[in-house]
Structures are given as C-alpha cells and as structure tokens.
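Visitor: Show me the folded form of this:
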Amino acid sequence: METSSIILLAVSASISFALGRTIMHFRNKKKNAEKERLQKLAAQAVKDAPPEAVSKNKSKRKRQMQNLQHGARDER
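Guide: Alright, predicted model coming up:
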C-alpha cells in the first residue's frame, strides 16, 4: 500500500469516528433531556394527585394520618 493511501485511510477513519461520536453525543443528550422532562412530569403528577381516601383498616388509617402530619410539617 502506498503512503498516501494509508494516510487517506487513517484520516477517513478518524473523521468517521469523530462524526459517529458527535451524533451519539447529541442523541444521548436529547434522550436524557426527554427522560428528565418525563421524570419531572411524573413527579408533578404524583404531587398534584388527590390524597387517598381514609382507610377502614385501623393501622393503615393511623399510618395515613402520620404521613399527612409529616407532609404538613415538611411543607412549612
């Protein structure tokens, strides 16, 4: 193989690698941004959800009341 062919092969391989990495970087960046947006949306949906109905089970009702009190204390 001639020297110019080897140089051309090395240059084209490095350009191809760099272009591939650049495309993957932006694809992952877009995917991560979408994932973060969906997580924020899900967290907001959970936060905005109406509270559970009071349970008929005594121990579960007690736990619900404790959670409500702790939640009210955290919001202050």
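Visitor: which of the residues in the helix or strand bottoming out on mean pLDDT in the chain are buried?
Guide: Ranked by mean pLDDT, DSSP states H and E, the weakest helix or strand in the chain is helix 58-75, scoring a mean of 75. Going by neighbour count (16 or more other CB atoms under 10 Å), the buried part of helix 58-75 is Gln64. All C-beta spots, glycine's among them, are computed from the backbone N, C-alpha and C.
Visitor: Name the residues that touch it?
Guide: For helix 58-75, contacts defined as CB atoms under 8 Å, 6 or more residues apart in numbering pick out 51-52, 54-55.
Visitor: which of the residues you listed tops the neighbour count?
Guide: Counting neighbours by other CB atoms under 10 Å, the top entry in the contacts of helix 58-75 is Ser55, with 13 neighbours.
Visitor: gap between that one and Gln64?
Guide: Distance, Ser55 to Gln64, by CB to CB, to the nearest Å: 6 Å.
Visitor: Helix, strand, or coil at Pro50?
Guide: coil (DSSP: H, G, I helix; E, B strand; the rest coil).
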